[in-house]
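[1] quick one, structure for this:
(chains A and B)
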Amino acid sequence: MASNKKYWKSVEELNENSSIVASLEQNEFNEGQSPESFLGDKETLEASSTTRRDFLKYVGFTTAAASLAACEGPVIKSIPYVVKPEEVTPGIANYYASTIADGFDFANVLVKTKEGRPVFILPNKEAKGTTNARVNASVLSLYDSLRLRGPKVKGNTASWSDVNSKITAQLEQLSNAGEKIVFLTGTMASPSTDALIADFSKKYNNVSHVVYDAVSESAALDAFEEAYGERALPNYNLSEAKTIVSIGADFLGDWQGGGFEAAYAAGRDVKAGKFSRHIQFEANYSLTGANADKRVVLKPSEQAFALINLYNAITGQNLTSKKTPGDAAIKQAAAQLKKAGSKAVVVTGIQDKNAQLIALAINNYLNSEILDTTNVKYVRGGNDAEVAGLVKELKAGKVGALITYNTNPVYTLANAADFKAGLAKTKLTVGFSSKEDETLSEMQYALATPSYLEAWGDVKITANQYSLTQPTIKPLFDTKQFQDCLLAWTGSSVSYYDYLTSFAKSTILNGGSWNKALHDGFALVNASALTGNSIDVSAAAKALKGNTKTGEFELTLYSSVALGDGQQANNPWLQELPDPLTRASWDNYLLISQADANTLGFTNPVQDNGAINGQYATITVNGATIENVPVLIQPGQAQGTLALSYGYGKTKAMKKEMLVGVNAYAVAFGGSQIASVTNAGGEHLFACEQLQHTIAGRHDILKETSLHEYTHGKVEEWNARPEVSLKHQEVDVTTVDLWEDQDRSIGHHFNLSIDLTSCTGCGSCVIACHSENNVPVVGKHEVRVGRDMHWLRIDRYYTSEGDATLETKKSNTAPTTHDNAGFYESLETVESVNPQVAFQPIMCQHCNHAPCETVCPVAATSHGRQGQNQMAYNRCVGTRYCANNCPYRVRRFNWFKYNSNDEFDFHMNDDFGKMVLNPDVVVRSRGVMEKCSMCIQMTQKTILDAKKEGRPVDVNEFTTACSSACATGSIKFGDINNPEDEVTALRKDKRAYRLLEFIGTDNNVVYQTKIRNTNEA
Amino acid sequence: MKIVKLHRKLSSVLKLSLALFFSFSLSLSAQDKPSDEQVKAGKALFNMHCASCHKLDKKSTGPALSGVAERRDMDWLKAWIKNNNKLRASGDADAKAIYEEYGGVAMSVFEFLSDEQIEDIIAYTTVGDVKKAGAATAVQAVEAESTPSQVLPMIATVVVTLVLLALIGWVFLKSNNGFLKIVSTIVLVFLGVYFGFTALMSVGVDEGYQPVQPIAFSHKIHAGDNKIDCQYCHSSAKHSKTSGIPSVNVCMNCHKNISEVADDTKIDTKGKAYLDKEIQKVYEAAGWDSENLKYTGETKPVKWVRIHNLPDFAYFNHSQHVTVAGVKCQKCHGPVEEMDELYQYAPLTMGWCIECHKETEVNIAGNGYYKKIHEQLSQKYGVDKVTIAQLGGKECGKCHY
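    A predicted model of the protein is given here:
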């Protein structure tokens, strides 16, 4: 039964004796803080030259000055277009289908523009596009004020014509001298750019093209190339899968380019009568592990052997391997895979070609229909061997010209020093990037490229879809596309746009309309199935065994959900997006298991304001050392393993606040990463939202059940409705109401339904909410002290496997004394070794009987007939009574003015960043409360559109930012007074429940009970 | 405003004297010219058929026509006007030359015009409009700045207040009557609260705000006298939340051919010369070379001063009111068609919005959106017609987000 499970939010919470937890449970708002802790340290205060009298004088003067200034209104200018573009109507949004392809994220998107500026990124659902947090945030990266604003030659600004003619002359000279000309690019997946490079190699001699992915999938590409003859990545139709076994593959994250979450969720739809079984073997807690039905903790080296063992168990062969602690689970997984037959699939994230080959072989053995070798993916193309070769050649001075595009090797290469030394020996170095990043600042020519929102392009994300990128804004800076320069260097006078249109028409579209493809953002093309070669599994297994090394600590490097490979590190939205698992923002950190932390003496003490601290570690891999890595203890981390995320520690073209974290690429050597760790002490301050919100004993806030219970059990048991006592009788809480209920049957009544089964915790909705609602970024310190402004947050709950309650566990644990050793022992043995994780997006619950509304002294928050709990910012006087009375902790207070304030030097403090603001939503000022409005500006817009067209609102026409961004369809929004809206049925679904229903707030947000497929057979 | 008014006065006096001067000088030289009837008929014809492309004294789409009779032979003119294509086809060098000079744009064919009519038109182009200027004596006297009816109550109020203050002062300083002192204090407190409250409530309320605009655009001339539909220029109003200040190319749709104020335009205070200069500003903004009749590409966007400034936290959508509700622009913007210089007519306070929402009935005519909701609501409230407030138009969140 679901309610027997114990949910917890941090390890500290398991400690019965923790005074911090007790005080935090009692004091949601930390009133016990000493004034010094938030005013600054005492010394600074005492050293201040401002006396109390001076202070009062300043107050008096500013008050008088402000009131005087307020007498005269400002003169506001309105400047219309001279010639208004036909398609622009001020105040009306235009949408353009486009495609992002930045080398790491590839997605079909719709770009919402207002008055010619992109303000919001949506998934292009017609093209089956999905957007993750980084894609949603890419609109802000367009307005990054630290972008490179024009071409530079050796640090000095230059003109494009000058640059192009100089480079062309030099290229000709080098080509005639027979020197090597090398392109080093990220994955572009652009057929037209490949054609341009081919044209280029016709004009110049000795041209080669090396593709480099910072977060490499080279092993998988090599394996697929060997098995199927094409350098691509296989696709997986997870929606049809019955059993999914993943060994170290974070396929709901960025594994092989990501983008599998929609299909994965579609395959776990109880309504549709299918629910895959997902078993995950991994070392560090990934997003995929968090969603798995069963998660087995294995070190990276053990994963390799487990994969061979899995192969043996399925095929009955006996390839040499080693025993792993996961073998029992592997056997079970093998049985379930065999049972699922062609509906089974095995994926692995082990960065070894042999491991990838074995996974392919297993899928072939199973005749897996899930493995798709027709519609293959081109989102990664990097070749590690070629990159290593190039660095060697550079260092030896054998390269005449190096042209980089869409890549930042000085930041992302472990041997960046060699690369830099090689650059000095290269006669011509040209770098293309939108930022003057670590690489570009080392190049002779730093050439500014536009953002994808300002550029033309074509992308082949998968084999059967040709996608187009189109500009949605006039270039902000003096930029030129890489392709335009290639054309100029080959002596062509056509623009890339002309080249692209004729290229697409003649070679891809096959007579299809260019305009239609551009309008849709994509065109379908034919893809034929690849035929596979036989795979020599025994050789692969042997090689894999030989490659797999073990050591004291095995380090996994992963791309974080927020920053990915780090190219958008200067994006404050992403920096402030908490990691789904650790709930920490503005940082990367070394993840370590509790047991290892005990051995090495790492702790994460919780402070009285709810923030957590940590110590620093020094880690060494292959002789490369990273110092001052903060350490965070991660429940569920395999003992003897470490994990560190990419993307942080960038130093160039970054705002001061964004200079956080360490560069994990410095130790990214590929293969088995054996690391040594020492405790360097110190005190690191995490900006972690972990303990600020304890579960406070409300353990039925998250309901979860097994697939078996769902199909065979009683609803009353796994989704028990809370009861209250009325006249000494236990009755259903919904039958008792202290409030006079209002009639909501007329007009619209909005509801939001969140399916906890399909919520992967990816955070896409959080960024979409920021983008749509002008939610401010507050910075690391403010997050740390609990003043984050997320209107929508995704709470992460750890739950312990099994139905054991706390009491039974306590009695099972041997030492009854509450000394630390006994406490940790209990954690290790039972709970924190491998807890399960459940995500729960929380936003304003829009209670029909809202506790916040009754306590507002000025009626700033009131209830709308459409079910929305409305917040009139201009009426709010900032008493914060509402936040104190909110049972869900969703109200956010503007402690400061976050716009045009140098103390908060994020996008709202510069003229470029402000262009991303949604003009339909007000930017809140200091001292007012704000919260989720259920995107009332969007529902109002939908209603107005219907009124203008004189028709009723269509079925499922209402959307919110979060519901439109959700790739898995977990968040659904609609009008429950429309019987055909999806949400109407969802509200009455037997899985539906509402948060803290027993307090009778009658929420308009419903949650669907999480289901796990615990079927072991 | 005073300075502006004084300036208007001066300019009208100047204009008057100039007009008188010209009328005299012209009447002297106006001998052996065509008859008045002929000119009058010619003018009507000219306005009907020619004015869209020709002006008397300036190039437009076609050449200036003043004194064309001196430049061309009457027979040639008749042939050209009736069918210029035919004339060109016949190989007439002059016809070809003029066709080339004006960018190869063929003039319309006017075969329906009789010879007499053409003669009338030519007569009009010869005499011109100048005679009309004599009638400029009809320019109205500038109205008094403030009439006695407004001044009297003001003086009365001031006097009463002064007397009252003097009385209270006397009570406090000279009188020993405690009761009077208490009463005076109460009166003072009430007055203070009343005036203080009124003063504070008017902060930020800019009713009557009438800033000086970079171009003296007259809504009266455009929307009033010439009856141009509001939404011809403010075309966004029916689609968008903003009504849209027209872009300069919208001005140029007409002003390409209207380079100066027509003389039958009623000008109240500013002179024609002044307003003609304002039209030049439009040309400057659009980058229109009125000599060579082409765009130079050097544009200079007009920086209008925004009059209706809703605060950021209030969301207002024009299309909801204009398209859905069918509210007339004048309801909120006042008699714009009578305003030479636009001013803020409504207070734009929340109370003002709410008042209207409370009173106004929802316009449901032929709107499928309202059909069901309105039926249910009218039943619920027991009324025939549901007001906007009853529909939810009074909820905070509908305008504040």
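[2] going forward, measure contacts and count neighbours with C-alpha atoms only.
    Will do.
[3] what comes up buried for stretch B:196-213?
    Neighbour-count burial for stretch B:196-213, counted by 16 or more other Cα atoms under 10 Å in any protein chain shown, picks out B:204, B:205, B:206, B:207, B:209, B:210, B:211, B:213.
[4] okay, who's weakest in those by pLDDT?
    Ranked by pLDDT, the buried residues of stretch B:196-213 bottom out at residue B:204, which scores 81.
[5] which residue ranges of the stretch 251-400 of chain B form helices?
    B:272-286, B:318-319, B:329-333, B:350-359, B:370-381 (DSSP state H, counting those that start in this stretch).
[6] ranking those by burial, who's on top?
    Each of the helices of the stretch 251-400 of chain B was scored by mean neighbour count; the highest is helix B:318-319, a mean of 22, by mean count of other Cα atoms under 10 Å in any protein chain shown.
[7] mind listing residues that contact that helix?
    Here helix B:318-319 makes contact (Cα atoms under 8 Å, 6 or more residues apart in numbering or on different chains) with A:948, B:236, B:237, B:238, B:239, B:240, B:241, B:242, B:243.
[8] between the residues you listed, which is nearest residue A:745?
    The shortest approach to residue A:745 among the contacts of helix B:318-319 belongs to residue A:948, at 23.4 Å (Cα to Cα).
[9] these two touch, right, that closest one and residue B:324?
    Yes: between residue A:948 and residue B:324 a contact is recorded at 5.6 Å, counting by Cα atoms under 8 Å.
[10] on that earlier part again, will you turn the helices of the stretch 251-400 of chain B into JSON lines that also has mean pLDDT?
    Shown next, in JSON lines, are those (pLDDT from 0 to 100):
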{"stretch": "helix B:272-286", "mean pLDDT": "90"}
{"stretch": "helix B:318-319", "mean pLDDT": "94"}
{"stretch": "helix B:329-333", "mean pLDDT": "94"}
{"stretch": "helix B:350-359", "mean pLDDT": "93"}
{"stretch": "helix B:370-381", "mean pLDDT": "87"}
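[11] select, out of those helices, the one closest to residue A:454.
    helix B:272-286 (27.3 Å).
[12] got the contact list for that closest one?
    With Cα under 8 Å, 6+ apart as the criterion, helix B:272-286 contacts A:82, B:215-217, B:248-249, B:251-252, B:255, B:259-261, B:263, B:289-290, B:295, B:297-302.
[13] and for stretch B:66-73?
    Against stretch B:66-73 from outside (Cα under 8 Å, 6+ apart): B:55, B:56, B:57, B:122, B:125, B:126, B:127, B:128.
[14] same for the helix or strand encompassing residue B:37, what does it pack against?
    Using DSSP states H and E, residue B:37 falls within helix B:36-45. Judged by 3 or more Cα pairs under 8 Å, 6 or more residues apart in numbering or on different chains; DSSP states H and E, helix B:36-45 is in contact with helix B:115-127.
[15] list the buried residues for the helix it packs on?
    Under the neighbour-count rule (16+ other Cα under 10 Å), helix B:115-127 has B:117, B:118, B:119, B:120, B:121, B:122, B:123, B:124, B:125, B:126, B:127 buried.
[16] who's in contact with the closest residue to the fifth one other than its chain neighbours?
    Just to be clear, that refers to residue B:121. Take residue B:121 and drop its neighbours on the chain: the residue closest to it by Cα to Cα, 6 or more residues apart in numbering or on different chains is residue B:42, 4.0 Å away. By Cα under 8 Å, 6+ apart, the contact list for residue B:42 reads B:117, B:118, B:119, B:120, B:121, B:122, B:123, B:124.
[17] ok, now with 6 Å
    By Cα atoms under 6 Å, 6 or more residues apart in numbering or on different chains, residue B:42 lies in contact with B:120, B:121, B:124.
[18] care to break chain A down by domain?
    Domain segmentation of chain A under the TED database yields A:85-216+A:382-508, A:234-377, A:550-688, A:704-799+A:835-1012.
[19] which one of those domains lies nearest to residue B:328?
    Of the domains of chain A, nearest to residue B:328 by Cα to Cα is domain A:704-799+A:835-1012, at 16.2 Å.
[20] and for the one residue in the stretch 751-900 of chain A that gets nearest to chain B, the neighbour number?
    Chain B sits closest to residue A:870 of the stretch 751-900 of chain A, with a gap of 5.1 Å, by Cα to the nearest Cα. Neighbourhood size, residue A:870 [other Cα atoms under 10 Å in any protein chain shown]: 25.
[21] what about it, which SS state?
    Following DSSP: H, G, I helix; E, B strand; the rest coil, residue A:870 is assigned to strand.
[22] contacts only, for it.
    A:861, A:862, A:863, B:397.
[23] surely the third one meets residue A:871?
    No: using Cα atoms under 6 Å, residue A:863 is not in contact with residue A:871; the gap is 8.7 Å.
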